[in-house]
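>>> Structure of the sequence below:
(chains A and B)
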There are 2 protein chains.
Amino acid sequence: MRKLFQEDLQNLGEQLIEISSLVSTAMDRAYVSFESADVQLAEEVIAADTQIDRLQVELDEKAIDLLALQGPVASDLRMIVGALRMSTSLERMGDLARHIAQLVRLRYPDQVAPAQLRPTYEKMAEHSFAVADRVTKLLKTRGMDLVQEIAALNEQINELHAGIFTVIATEGWDASAATTADCVLTSRFFERFGDHGVAVAKKVEYLVTGEWDSRYSE
Amino acid sequence: MRKLFQEDLQNLGEQLIEISSLVSTAMDRAYVSFESADVQLAEEVIAADTQIDRLQVELDEKAIDLLALQGPVASDLRMIVGALRMSTSLERMGDLARHIAQLVRLRYPDQVAPAQLRPTYEKMAEHSFAVADRVTKLLKTRGMDLVQEIAALNEQINELHAGIFTVIATEGWDASAATTADCVLTSRFFERFGDHGVAVAKKVEYLVTGEWDSRYSE
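Predicted structure coming up:
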């Protein structure tokens, strides 16, 4: 019984890794569709998000079954509740990648962003993908150095996010208001993606070290 | 023991009601600060959000203690896990009210939004407040008619959100790009607030009826 329970816990961890891996793929492909105005790829990203949603529901049901059948306590309990929380953040990260793809679809055949901002979005996308990639590694290895790395990547995303607003507020910005709106939303989607990545990382850290930094939540 | 546990469950429900009530107050005051460019009130809304955050952490710790000490099953277990999820959504609704107040502070002494859009934001704020108010009532009474009412209010918020983008994209829109950016974010904050309200309502519905509509998540 006890051995089976440990296997169940491990399966839960593996499902989180699977979802996190799908999220990093979603962000990678969402950005490729964004930079190349590839509506076909955008459609694929949008369609693939249902798989993330489905896996989250499955994981949550399994976690609740484990709570019901095993009555876990202490670290096992925290791990299961943590998995429920992390799956919520990961699912939301999938949504945010989908939102970027939806903007690509909405503006096709035009580009969502003007040339001037594309290098900034490229960096935001690189860092966002790196956040999801490091989250997957963290879930696999529990290497605590990754937590700081994820927080640092998120800081860089936040700075790029602020930079977008600075550009939009300058005299030289001559894009249409609709494009301005798209640019603000795109930036916000990356920024929230990074926040959720940090939230997952902080939960893993808490599960491993027992130390909770209340500055971080999703 | 059993009686005490039922009391604990009831306390958990009461804490959700308390948080939800603070969230509706936060949204009400955030909007008053927004429409009157009242930076003092905005500061109060921002400061008050820490109370919501603190109550959420307390509720979550209590919920985890109940899981550990009581090993609940069936509907009690679902109720506790549901409370964990609802507290996350409610905390996020508090953040969104705070974000509106932060925009007020950022732009003070100017108004965040130009006169042209203010009637739309007024309606969004009214509906958002109504969402939070009905969520509080729903948590108190479990009256299932409120679930549909909340979903309908959210639909109206979504339509107003779309309307903001329509106005921004028209020829007559002559606000600065920075103002356009603020208007997009403000609208997005209301829209997300409504979504989270629906997520809470759907969780209450699930706990009461056992029927889950997978179209709704946070």
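>>> Please identify which residue in chain A comes closest to chain B.
Going by Cβ to the nearest Cβ, chain B is nearest to residue A:71 of chain A, at 3.1 Å. Heads up, the C-betas are built off the backbone N, CA and C, glycines and all.
>>> any idea how far that residue is from residue A:206?
Separation of residue A:71 from residue A:206 (Cβ to Cβ, to the nearest Å): 22 Å.
>>> cool, residue A:184 as well?
The spacing between residue A:184 and residue A:206, counted by Cβ to Cβ, is 33 Å.
>>> Looking at these two, which one has more neighbours?
Taking other Cβ atoms under 10 Å in any protein chain shown, residue A:184 and residue A:206 do not tie; residue A:184 has more neighbours (22 against 17).
>>> what comes up buried for the strand or helix carrying the more buried one?
In this structure, residue A:184 sits in helix A:177-209 according to DSSP states H and E. By neighbour count on 16 or more other Cβ atoms under 10 Å in any protein chain shown, the buried set for helix A:177-209 is A:177-207.
>>> mind checking which helix or strand the residue nearest the centre of chain A is in?
With distances taken as Cα atoms, centre = their mean, the residue of chain A nearest its centroid is residue A:93 (3.2 Å). Following DSSP H and E, one finds residue A:93 within helix A:74-107.
>>> Now do that helix: distance to the chain's middle.
Remark: helix A:74-107 is offset 6 Å from the chain centroid, using Cα atoms, centre = their mean, to the nearest Å.
>>> Does chain B have contacts with that helix?
Yes: for helix A:74-107, a contact with chain B is found by Cβ under 8 Å from any Cβ of the partner chain, at A:74, A:77-78, A:81, A:84-85, A:88, A:91-92.
>>> Quick one, which of those are buried?
The neighbour count (16+ other Cβ under 10 Å) marks A:77-78, A:81, A:84-85, A:88, A:91-92 as buried among the residues of helix A:74-107 next to chain B.
>>> Quick check: the farthest pair among those residues?
For these, the farthest-apart pair by Cβ to Cβ is A:77 and A:92; their separation is 23.5 Å.
>>> Ramachandran angles for residue A:112?
phi -70, psi -50 (degrees, to the nearest 10).
>>> Count the residues that sit near it.
24.
>>> Same question for residue A:210.
Using other Cβ under 10 Å: residue A:210 sits among 9 other residues.
>>> Same question for residue A:66.
When neighbours are counted by other Cβ under 10 Å, residue A:66 registers 21.
>>> what residues are up against it?
By Cβ atoms under 8 Å, 6 or more residues apart in numbering or on different chains, the residues touching residue A:66 are A:5, A:8-9, A:12, A:72, A:80.
>>> and with 6 Å instead?
For residue A:66, the contact set (Cβ atoms under 6 Å, 6 or more residues apart in numbering or on different chains) comprises A:8, A:80.
>>> what about it, which SS state?
When classified by DSSP: H, G, I helix; E, B strand; the rest coil, residue A:66 comes out as helix.
>>> And the spatially closest residue to residue A:192 that is not a sequence neighbour, what's its pLDDT?
Leaving aside its chain neighbours, residue A:192 sits nearest to residue A:96 (5.6 Å; criterion: Cβ to Cβ, 6 or more residues apart in numbering or on different chains). On the pLDDT scale, residue A:96 is placed at 98.
>>> Can you tell me how far residue A:96 is from residue A:193?
From residue A:96 over to residue A:193 the distance is 5 Å, taken as Cβ to Cβ.
>>> Could you do residue A:21 as well?
Using Cβ to Cβ, we find residue A:21 at a distance of 15 Å from residue A:193.
>>> repeat for residue A:149
Distance of residue A:149 to residue A:193, given as Cβ to Cβ: 16 Å.
>>> Over to residue A:159?
15 Å.
>>> Does residue A:24 touch residue A:131 like I think?
No: Residue A:24 is beyond contact range of residue A:131, at 8.4 Å (criterion: Cβ atoms under 6 Å).
>>> of the two, who's got more company?
Under the neighbour definition other Cβ under 10 Å, residue A:24 and residue A:131 were set side by side, and residue A:131 has more, 31 against 22.
>>> and chain A, which of its residues are near chain B?
Proximity of chain A to chain B (Cβ under 6 Å from any Cβ of the partner chain) is limited to residues A:64, A:67-68, A:71, A:73, A:77, A:81, A:168-169, A:173, A:177-178, A:180-181, A:184.
>>> which of these sit farthest apart?
Farthest pair in these, by Cβ to Cβ: A:71 and A:173, 58.6 Å.
>>> Residue A:93 and residue A:195 touch, don't they?
No: with contact defined as Cβ under 6 Å, residue A:93 does not reach residue A:195; the gap is 9.4 Å.
>>> Could you give the number of residues near the closest residue to residue A:205 other than its chain neighbours?
For residue A:205, ignoring the flanking residues on the chain, the nearest one in space by Cβ to Cβ, 6+ apart is residue A:147 at 4.7 Å. The local packing of residue A:147 (other Cβ under 10 Å) involves 24 other residues.
>>> Which pLDDT value goes with residue A:147?
For residue A:147, the pLDDT comes out at 98.
>>> can you check residue A:73 too?
89.
>>> Could I get the phi/psi values of residue A:114?
phi -70, psi 160.
>>> If you could redo that for residue A:171, that was the one I meant.
Note on residue A:171: backbone dihedrals following degrees, to the nearest 10 are phi -60, psi -40.
>>> related to what we said a few turns ago, so which of the residues of helix A:74-107 next to chain B sits lowest on pLDDT?
For the residues of helix A:74-107 next to chain B, the pLDDT minimum is residue A:74, 88.
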